[in-house]
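>>> Give me a 3D structure for the following:
(one chain, ligands or ions: 1)
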Amino acid sequence: MSQIAFSSVPAWARPGGPIEATSPVPTGSSYVLVGVGDVAETLARWESALPPQVTTRIHGDTDTAAAQLGSALTEAVVGVRVWIAADAGSALTLRAVALGAGLEDDEITVVPAASAAEVTVEVFCAHCRSVTRTAAAIDDVVACAGCRRDLLVYHHVSRRTGHYLGFMIDAETAQSPCPANEPHEEPVS
Ligand SMILES: [Zn+2]
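Okay, here's the model as predicted:
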């Protein structure tokens, strides 16, 4: 078992993660349904089960859906629930928008869309702080759009942004060792 089970990557964004076909339980007082990609059927199924006067449906590409979700949540009252149907990369971005608007984890439901093996994710460069949007999976190596370093897509996702952390694949060997802060190394016992 790899460390990924204990990482900040949500279960639905992990490789081979479960694809849940069930509908979320409606526990809120209003609903924002957000879809990216080929999820019109899912959105329609959810919408048909919810009170129309308190349900908002958003469907578009990642950027459009994120912007519309953000504005929908600025007007939302307490008790709003966000249901997301999208590929994992888009879902991470949309979840970050909802978390940024003050929602808690249990107010956000993500149903991953059955998708291609590689989804588009956003990778934050630990070196130049650029964000690269690319088709990649965890442990892949991508070229940073900012500094062109080869970045390893690490199994850490920022809750605030939905970005994966990327760092230079050979960072440990390419950098000179830090000056020793301690006069000697303690033997490992
Ligand atoms: Zn970079």
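
>>> alpha carbons only for contacts and neighbour counts from here, please
Noted.

>>> Please identify the buried residues of stretch 90-109?
Residues of stretch 90-109 classed as buried: 90-99, 101, 103, 107-109 (neighbour count, 16 or more other CA atoms under 10 Å).

>>> Other residues contacting it?
With contact meaning CA atoms under 8 Å, 6 or more residues apart in numbering, stretch 90-109 is reached by 13, 24, 28, 36, 62, 65-66, 69-70, 73-74, 80-85, 110, 112, 120-121, 159-163.

>>> Generate a ChimeraX selection restricted to the buried subset of these.
The ChimeraX command for the buried members of the contacts of stretch 90-109 (criterion: 16+ other CA under 10 Å) is given here:
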select :13,36,62,65,66,69,70,73,80,81,82,83,84,85,110,112,120,121,159,161,162,163
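
>>> Counting only helices, which of the contacts of stretch 90-109 make the cut?
Thr62, Ala65, Ala66, Leu69, Gly70, Leu73, Thr74 (DSSP state H).

>>> Those residues also near the ion: which ones?
Contacts with the ion are made by none of the ones in helices among the contacts of stretch 90-109, judged by CA under 5 Å from the ion.

>>> Let me have those residues in TSV, adding distance to Ile138 and pLDDT as columns.
TSV is the format used below for the ones in helices among the contacts of stretch 90-109 (distance: CA to CA, whole Å; pLDDT from 0 to 100):
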residue	distance to Ile138	pLDDT
Thr62	20	93
Ala65	24	97
Ala66	23	97
Leu69	26	97
Gly70	27	96
Leu73	30	95
Thr74	32	91
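
>>> All set, thanks.
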